[in-house]
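**Q** everything below, folded, please.
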Amino acid sequence: MHDLKLVREQPALLRDAMRRRQALDALAPQLDRLEALERERRALIQEVEERKAARNAGSQEVARRRKAGESADALIAEGRRLGETIAELDVRRAAVESELDAVLLHLPNVPLPDVPDGGEDDSPIVRAWGTPRDGAELLPHWELGARLALLDLERGVKVSGSGFVVYRGAGARLVRALMNWCLDVHTAEHGYEEVWAPALVTRAAMTGTGQLPKFEDDAYAIAGDDGLFLIPTAEVPVTNLYRDEILDAARLPMALCAYTPCFRREAGSAGKDTRGLQRLHQFDKVELVRYSTPEDSAAQLELLTGHAELLLQRLELPYRVKLLAAGDTGFSSAKTYDLEVWAPGLGRWLEVSSCSVFTDFQARRANIRFRPASGEKPRFVHTLNGSGLAFPRVIAALLEHHQQPDGSVRLPEPLRPYVGVDALGPVAAR
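**A** Next up, the predicted model:
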């Protein structure tokens, strides 16, 4: 959510941000309405203040007249009328502020100045690691996973429909291994506090991180009166842990990580990258969340991104880091790096992590603040998050990149103690 000071004092900056996001034409009516509402809100505040001042002056005059034994009936009646007018203006102001908040909830964040303009094709690769393997003789992961009895795609569809997968045997152990290994690295080496978070959250929590109202069609809402949603990412419960709280500055930066299953309906994506593990409605992920002071958030983004990159290096997966252009940056984000691994059997890059800084956009929605020092006015924190890592596409890349001539899949050394074997080999079909 945006600071009303920005709307009031720098409306051109906000409009330019929407232009950079390639959304100005679509959002221009909302920006017009936003500016009109803010002018009306300020006018109503002034009217109320003027009438309160008049009422206070009248009250003082009533007291003086009574003390002097003079009649004050007319002033008392005028005071009552002023009170009624103030009450009416307060109702109008509340309605204006409610509509203003509703408009603000639909406006995306302002991209940072170093985010390039343009759309998906304008996102530069800022660095790369490893050498992509030639996939001419390699099987795509869904064929190899079925041959090794790691993936049961057909039965996943049977029990839940398209976009769901069943991992079996060593495939199931591989998922569990990734969960434990990612959490162990992030907690032991990078200083994150592990959180085991709920998979169901309230509408307020979804709104706080920006999933609602914009992406309600992509969310899985629970039937009934609870108003709960299955989480699309652990970002939602973990970021909202401190909603409506004021943190001590000494606790910043704060680093939290969590494994959760994630649920995304992804409306409108039918038929796009749906083979195998490329795009699922339920998947597993370890999420990294950081709280920062505004002055430190740029450095925190680089740190968080490096934490996710280290895992890919240890998995020996060639990857590249893409800085998303403004028109391709997510709704709540001010700057995002996408980490993409090379899947040689598919012959394409797969996104396995998005590392983002949200400035104070989420913190304003969720009212998460910190107090710089004792007695000082609270300020909004900056929030950051990134996948460290999302499992399905990592598994797809592992199966394809580490294929061996004998049909097995070599496991990178860090995963071997967690899975219990050095390689994944063929087993009898089930």
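**Q** so where's the chain uncertain?
**A** Scanning the chain for pLDDT under 70 picks out the ranges 267-273, 427-430.
**Q** would you tell me which helix is longest in it?
**A** Ranked by residue count and defined by DSSP state H, the top helix of the chain is helix 24-68.
**Q** give me the neighbour count for residue 335.
**A** Around residue 335 sit 23 other residues, with neighbours defined as other Cβ atoms under 10 Å. All C-beta spots, glycine's among them, are computed from the backbone N, C-alpha and C.
**Q** for it, what are its contacts?
**A** 111-112, 114-115, 301, 323-324, 329, 356-357 (Cβ atoms under 8 Å, 6 or more residues apart in numbering).
**Q** give me that answer again for 10 Å
**A** 109, 111-115, 297-298, 301, 323-324, 326, 329, 355-359, 384 (Cβ atoms under 10 Å, 6 or more residues apart in numbering).
**Q** same question for residue 374.
**A** 248-249.
**Q** ok, now residue 96?
**A** Contact analysis of residue 96 by Cβ under 10 Å, 6+ apart lists 36-45.
**Q** would you mind measuring from the closest residue to residue 129 other than its chain neighbours to residue 10?
**A** Setting aside the residues directly before and after it, residue 129 is nearest to residue 319 in space (Cβ to Cβ, 6 or more residues apart in numbering), at 5.6 Å. As judged by Cβ to Cβ, to the nearest Å, residue 319 and residue 10 stand 38 Å apart.
**Q** likewise for residue 87?
**A** 33 Å.
**Q** who has more neighbours, the two?
**A** residue 10 (14 against 11).
**Q** quick one, helices of the chain?
**A** Under DSSP H, the chain gives helices at 4-9, 11-20, 24-68, 73-104, 141-147, 153-160, 170-188, 203-208, 235-239, 297-314, 361-366, 391-401, 416-419.
**Q** burial count for residue 77?
**A** So residue 77, with other Cβ under 10 Å, has 10 neighbours.
**Q** kindly apply the preceding question to residue 330 instead.
**A** Residue 330 has 15 nearby residues by other Cβ under 10 Å.
**Q** so it sits against residue 356, correct?
**A** Yes: when contacts are counted by Cβ atoms under 10 Å, residue 330 is listed as touching residue 356 (6.6 Å).
**Q** show the buried residues in the contacts of residue 335.
**A** 109, 111-112, 115, 297-298, 301, 323-324, 326, 329, 355-359, 384 (16 or more other Cβ atoms under 10 Å).
**Q** picking up where we left off before, the longest helix of the chain to helix 73-104, inter-axis angle?
**A** If you take axes from the mean of the first three to the mean of the last three Cα atoms, to 10 degrees, helix 24-68 sits at 160 degrees to helix 73-104.
**Q** heads up, I number from 9, so please use that
**A** Okay, residue one is now 9; in that scheme the one you just asked about reads as helix 32-76.
**Q** which other helices and strands contact helix 32-76?
**A** Contact partners of helix 32-76 among helices and strands, from 3 or more Cβ pairs under 10 Å, 6 or more residues apart in numbering; DSSP states H and E: helix 12-17, helix 19-28, helix 81-112.
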